[in-house]
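Build me a structure from this.
(2 chains)
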Amino acid sequence: MASFEQAASLAARAAVNSVKEQFSSQERMAAIQRIEEEELQFLPKPDTIKTKLANMCRENKAAALSGAVLAVMAFAIIFADKLTSYDPNAVNLMERLLPPSPAHWCGTDDLGRDIFTRILYGGRVSLLVGVIPTAISMVIGVILGMVSGYIRQLEAVIMRLADIVLAFPSIVLAMVVMYTLGATTTNIFIALSMIGWAKTARVVRSQTLSLREQEFVEAARAMGVKKWTIMFRHILPNCLPSLIVLFTLNIPDAILSEANLSFLGVGTQPPDSSWGLMVSQARSFVQSSPWTLIFPSLAILIMVLALNFLGDGLRDVLDPHGR
Amino acid sequence: MLKYIIKRILVTIPVLIGVVFLIFVMLSVVPGDPLTVMMGEKVKVDVIERLSQSMHLNDPWYVRFAWYLWDAIHGDFGTSYKLMRSVSSLIANAFPKTLMLAVTAALLSWAIGIPAGIISAVRKNSLADHLFMGFALCGVSIPAFSVGMILQNIFNGILPVSGFSSPRHLILPALVLGWNAAGTIARLTRSSLLEVLEDDYIRTARAKGLAPVSVILGHALKNSLLPVITMMAIQISSLLSGAVITETLFSIPGVGRLAVDAINSRDMPLLQGTVIFTTAVIIAGNLAADILYSVADPRIRVEGGK
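As a prediction, this is how the structure comes out:
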């Protein structure tokens, strides 16, 4: 391929030169432009993230479907108040533990609240807990990872800190942070961000270590570009594909962590609802009313499964060596 | 080799101290007087004075940290505020149960995950591959307590669903804990085996007429299991993490349950002790795995020893 392109490009150059000699300047410019456009067709187009995504959608049906499912779920969760007329927290003791019916698609819970409605509203917490701490922890992780990969003096300190955070079993550390700060939704964000950055930092550091040795970074250094500019303008954009993958795969982790924290009683607090809390509240009624358990569990399963499929698909196209 | 091992051990010491420090600081800022938690509101002043002295409560935090570290090195994590027993003896009582649960779950996950991964890799894109991988992905996508509750419901009356008094009590919790782990192992075995199957020496083995089974089991599997060993070490962490959930759900009196109880009763020394102990076990496990790995794969030794 390469030699063919080189030959094509050489031929085009020769054509340009012969045109230069033969025609007047205006004709010449037009002709050169035409030839150069033809030449462009032969050059390999670099795959942009956009074309890679389009390829993925064509070839990986599961990932494409997952993307669609996530879009629908996000839409339903955001416009929950338009989709259901029930109040998620309205207690109705006349309608306790009703099985699924046309009036209550997923049945009702022990306080007569409509489970479908609570899933939609609870999804807001689960979705926010998935996205916000992941975003915060990735920003922290990217900065610390790049700094520790590029500025050697800080490497030891930052990486030992990451080692310490990664040494803990994640749920246990989250539990202790929630115990220290108190169980509120904002504190779930803080706890999960405090834990999540270390993984990102390691990935970004190892990429920075290999990127800093490449010619374009060396060239930038030789031109006297400042350290921070090199990091953010030259190294960061090259980490982007694996960061997109990491982001997609970290969200389900955060959603499951919130569910676990809520199950242990240090996560989302009633009367607010999240999917994890709904499942753990169903514990006492599983036997007689299995729908209180099944529907919120399904909501978690579908969202996390879709994110995992999407993340795997993205990794195949964006970051093939990241497995 | 010995140099590598010693170096690797030395690196874990600051991490371990960091772990103790982090937990100590976090739990020190929790509001509330430990003596009130311990004895209730009505205590005589001189009793408070005496206890504060013996527990170093009047000292600045760094002195208390030094004392805590010193005691912890000697295996003393203090006395539980609520249970009035030494934290070390509580952990010593609970840990065998957690260990049994984790080991059973780990064995289960290898017994299921490795064969499933091999079949998926060998029969890539077949129905079996899709089924196994779908099942594996579900295992990492559903909260363990959801699965646990569903299993408790299905097997209620057939198998014991809570407590810990016979090996039969282990079946359901190990299944719940092992599914997630099996999923990870299966996915990793598959991708790693697929990679190895592309190698030249596999083509050579095939070309010289070896039976496909012995090519895969004799040649490919050995190399493809290297990353799986590392994964097993990382799994110690996720198994002990998961044990917190599983033990709470199935009422198993293990270390995870102890930590959850400590949080609910605001019992700081017990929480500190269980968290530090669990983390130390994980660090030790990772260390052992690293050393094992370097024995199995000399390339690591050389690159790591630089």
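
where are the low-confidence patches of chain A?
Applying pLDDT under 70 to chain A picks out residues A:1-12, A:15-25, A:42-47, A:320-323.

In it, which helix is the longest?
Determined from DSSP state H, the single longest helix within chain A is helix A:115-150.

got the buried residues for it?
With burial defined by 16 or more other C-beta atoms under 10 Å in any protein chain shown, the residues of helix A:115-150 counted as buried are A:115-138, A:140-150. The way it works is simple: take the backbone N, C-alpha and C, and place the C-beta from them, glycine included.

average pLDDT for the strand or helix carrying residue B:177?
Using DSSP states H and E, the element containing residue B:177 is helix B:171-197. Mean pLDDT, computed over helix B:171-197, is 88.

Helix or strand next in line after it, which one?
Remark: after helix B:171-197, the chain's next helix or strand is helix B:200-207, criterion DSSP H and E.

Can you name the residue of the stretch 151-300 of chain B nearest to chain A?
For the stretch 151-300 of chain B and chain A, the shortest gap (C-beta to the nearest C-beta) falls at residue B:241, measuring 3.7 Å.

mind listing what the residue nearest to that residue when sequence neighbours are not counted touches?
What sits nearest to residue B:241 in space, not counting adjacent residues and going by C-beta to C-beta, 6 or more residues apart in numbering or on different chains, is residue A:169, at 3.7 Å. Applying C-beta atoms under 8 Å, 6 or more residues apart in numbering or on different chains, we find residue A:169 in contact with B:237, B:238, B:240, B:241, B:244, B:278, B:279, B:282.

Out of those, which sit inside helices?
B:237, B:238, B:240, B:241, B:244, B:278, B:279, B:282.

what about the strands in the stretch 101-250 of chain A?
Assigned strands in the stretch 101-250 of chain A: none (criterion: DSSP state E, counting those that start in this stretch).

Up against chain B, what does it have?
A:160-161, A:163-164, A:167-173, A:175-177, A:179-180 (C-beta under 8 Å from any C-beta of the partner chain).

Those residues of the stretch 101-250 of chain B touching chain A, which are they?
So far as C-beta under 8 Å from any C-beta goes, the stretch 101-250 of chain B lies against chain A at B:137-138, B:140-146, B:149-150, B:152-153, B:156, B:191, B:237-238, B:240-242, B:244-245, B:248-249.

how does it look with 7 Å?
Applying C-beta under 7 Å from any C-beta of the partner chain, one finds that the stretch 101-250 of chain B approaches chain A through B:137-138, B:140-143, B:145-146, B:149-150, B:153, B:191, B:237, B:240-241, B:244-245, B:248.

Narrow these to just the buried residues.
B:137-138, B:140-143, B:145-146, B:149-150, B:191, B:237, B:240-241, B:244-245, B:248.

where does the stretch 201-306 of chain B dip in pLDDT?
B:300-306.

secondary structure element for residue B:69?
helix B:61-73.

Thought residue B:239 was touching residue B:106, still the case?
Yes: proximity of residue B:106 to residue B:239 meets the contact threshold set by C-beta atoms under 7 Å, at 6.1 Å.

So these two - more neighbours on which side?
In this view residue B:106 and residue B:239 are compared by other C-beta atoms under 10 Å in any protein chain shown, and residue B:239 has more residues nearby, 26 against 21.
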